[in-house]
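# fold the following for me, if possible:
(2 chains)
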Amino acid sequence: MSIRLRPVHTDAAGQEHEWAGDGAAVPDVPAQGTETPARAPDPGAHLPGVQAAWRRAHGWGNGLWRRLSPWLVPALAVVVWQALGSAGVIPTRVLPTPIAVVQAFLSLAHTGELWQDIAVSARRAAIGFAVGAGTGLLLGLVNGVFSVADRLLDSSVQMIRTIPHLALIPLVILWFGIGETAKEFLVALGAMFPVYLNTYHGVRGVDAGLVEMARMYGLTGWAFYRHVLFPGALPSILVGVRYALGITWTTLIVAETISADAGIGYMVMNAREFVQMDVVVLGIVLYALLGKLSDVVARLLERWLLPWRVTWGGDAQ
Amino acid sequence: MALTFPNPAMEARPVAIVLRDVGMCYDGETWALRDVNLTVREGEFVSLLGPSGCGKSTILRTIAGLQTVTSGSVEVLGSPAGELFNRRGELSFVFQEPTLMPWRSVLANVALPLELMGVPKRERLSRAMEMLAMVGLDSVANKLPRQLSGGMKMRVSIARALVSNPKLLLLDEPFAALDEITRERLQEELLRLWQRFGMTVVFVTHNVFEAVYLSSRVVVMQANPGTVRAELSIETPYPRSREVIGTPDFMNMVAKAVQLLGD
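Presented below is the predicted three-dimensional model:
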């Protein structure tokens, strides 16, 4: 049948050697370099050969550069903006300079108004998101797991989903007035569907082989949800959470601009009345920062909850 | 009538699995399995060999209690199949895919059956570690499955199946997705573990060489409807090594199995 130069199956010592050579080797002591891509601390290590070497040699892919590079473009934009404003190319009544915006920030921060407005907006976002995402998660899990619930509820949820939730603003004002509930309701409605869809998708996408294995080993009931279904669906659920966070801020901006007596939106609309251009821009920047902040939180959550996931770092050949 | 080539030495052992006139029908017309009669004795290494669609995996799943038969009876370790779910740890199943939980370390994956049996944490981790050492993977115990090669994952899957010290091990084409070299190594490993632990093994495969090389008995199946065509006793003594593959006896058995499959 086959000619062998070395015995494959000899003694314990020889065997261990054989095992280590099976397919992609995982050495006991992780060497620096490309042998253990999953563990290597160097983010450039997954790149093949020459490109990786070049990157390492030139400092691309090392910590500082990687951390700073996403801020390069925004920082450059601010510098150009300031320069154009100072040179008078952009009139300040069209767009105040970054320095003017920072000054507005400092004076509002000093009086404490700013913090109060941010707190009010953040509270609305948090409550609305918690209620919406929670409902979406629950519905997604229930419809994903139980086909009876799926048949009863899914098409209704899908129908409601197709209505742009911001179109409900007039109705919401009639129902709840212009108080907190109206804004929280709108945010909840907006945040619910991405979480619902992705949770449902995640539950249905759990590896069928894994489900069968669980059944075979007697993983049932709560243990099955905790050990197989939920972890399996989690990557998809977190994608939904990220989408929902984005929608949360968008919804809040619209809701606060239309009617509010506190919050960032109120601050901006008030400033518009008095043509305080710097405060208007400050409000917009605040929304951007808060949106970015929640995205960062979502990403940290992903990294913390899904360390086991195989991800592709980018850089296709 | 199925042809049989009995092995007298085996006849004396107690019975582990009996299938009596088993039939399996999904839509009321076509029979996936029909008139399947099979007896497996304790400590045997039996392969179910046949083309795809002959119902060999279905038989394995009915033994495991994952599917119920339409007619006939299946008795496993003295109980009707399916009731073994209540006697955890006595029966283990190895799937074609390693089916490891990607979010658990290798060690925690292997410890899973013990966890479900309620074995205290320290004991189950030390037993899982022992089992991992047995398949030569104790050095990767704390890694995640994705950091392992296909062959290593399958070895972890086998370690998980054996950690509860089962009386019966069912394997559904476990090596079909592996490359030839890895498959050979895992065949040796499985034989070594079988001889060490002495559990009853039912092994599903469509690979004639694999079936004849590993088994004490090969059950050749045919399709449409799926049923047992013949049983071949493989007399080559254990421990076997790859050298037997070239011997006339071995080639005879392979030729016989191939002929039975073709008829």
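# now the residue of chain B found nearest chain A: how far from A:Thr220?
Closest contact between chain B and chain A, by C-beta to the nearest C-beta, is at B:Ser149 (3.0 Å). All C-beta atoms are positioned from the backbone trio N, CA, C, and that covers glycine. Look at B:Ser149 and A:Thr220: by C-beta to C-beta, to the nearest Å, they are 32 Å apart.
# same check, this time on A:Ala262
50 Å.
# give me the phi and psi for the residue of chain B closest to chain A.
Per-residue torsions, B:Ser149: phi -80, psi 170 (degrees, to the nearest 10).
# now swap in the one 5 residues further on and tell me
Geometry field for B:Met154 lists phi and psi as phi -60, psi -40, criterion degrees, to the nearest 10.
# so it versus A:Ile178, what's the distance?
From B:Met154 across to A:Ile178, the span is 63 Å (C-beta to C-beta).
# between those two, which has more neighbouring residues?
Neighbours were counted for B:Met154 and for A:Ile178 using other C-beta atoms under 10 Å in any protein chain shown; B:Met154 has more, 28 against 14.
# would you confirm that that one contacts B:Glu173?
No - counting by C-beta atoms under 8 Å, B:Glu173 is not a contact partner of B:Met154; they are 11.1 Å apart.
# how about the spatially most central residue of chain A: what's its closest non-neighbour residue?
For chain A, the residue nearest the mean C-alpha position is A:Arg242 (3.3 Å; C-alpha atoms, centre = their mean). Leaving aside its chain neighbours, A:Arg242 sits nearest to A:Ala298 (4.4 Å; criterion: C-beta to C-beta, 6 or more residues apart in numbering or on different chains).
# what's the answer for B:Ala111, then?
Looking at B:Ala111 with C-beta to C-beta, 6+ apart, the closest residue is B:Ala128, at 3.9 Å.
# spell out which residues of the stretch 1-150 of chain B are next to chain A.
Proximity of the stretch 1-150 of chain B to chain A, by C-beta under 8 Å from any C-beta of the partner chain, involves residues B:64, B:66, B:85, B:88, B:93, B:95, B:97, B:99, B:101-104, B:112-113, B:116, B:135-137, B:139-140, B:143-150.
# where does chain A have low pLDDT?
Scanning chain A for pLDDT under 70 picks out A:1-62, A:310-317.
# and chain B, by the same measure?
Along chain B, segments meeting pLDDT under 70 span B:1-11, B:84-87.
# for it, just list every one of the strands.
For chain B, strands defined by DSSP state E occupy the ranges B:3-4, B:15-25, B:31-41, B:45-49, B:71-76, B:79-80, B:91-94, B:168-172, B:200-205, B:217-222, B:227-233.
# buried set for the fifth one?
Within strand B:71-76, the residues scored as buried using 16 or more other C-beta atoms under 10 Å in any protein chain shown are B:72, B:74-76.
# for chain B, what's the longest helix?
Across chain B, the longest stretch assigned as helix under DSSP state H is helix B:180-197.
# need the CA coordinates for that helix. PDB is fine.
What follows is helix B:180-197, C-alpha atoms only, in PDB (Å, rounded to 0.1, in the frame of the first residue of the first chain):
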ATOM      1  CA  GLU B 180      -5.300  11.300   4.100                       C
ATOM      2  CA  ILE B 181      -2.300  11.600   6.400                       C
ATOM      3  CA  THR B 182      -4.300  13.000   9.400                       C
ATOM      4  CA  ARG B 183      -6.900  10.400   8.800                       C
ATOM      5  CA  GLU B 184      -4.400   7.600   9.100                       C
ATOM      6  CA  ARG B 185      -3.000   9.000  12.300                       C
ATOM      7  CA  LEU B 186      -6.500   9.300  13.800                       C
ATOM      8  CA  GLN B 187      -7.300   5.700  12.800                       C
ATOM      9  CA  GLU B 188      -4.300   4.500  14.700                       C
ATOM     10  CA  GLU B 189      -5.300   6.700  17.600                       C
ATOM     11  CA  LEU B 190      -8.800   5.400  17.700                       C
ATOM     12  CA  LEU B 191      -7.600   1.800  17.600                       C
ATOM     13  CA  ARG B 192      -5.200   2.500  20.500                       C
ATOM     14  CA  LEU B 193      -8.000   4.100  22.600                       C
ATOM     15  CA  TRP B 194     -10.300   1.200  21.800                       C
ATOM     16  CA  GLN B 195      -7.800  -1.400  22.900                       C
ATOM     17  CA  ARG B 196      -7.000   0.600  26.000                       C
ATOM     18  CA  PHE B 197     -10.600   1.300  27.200                       C
END
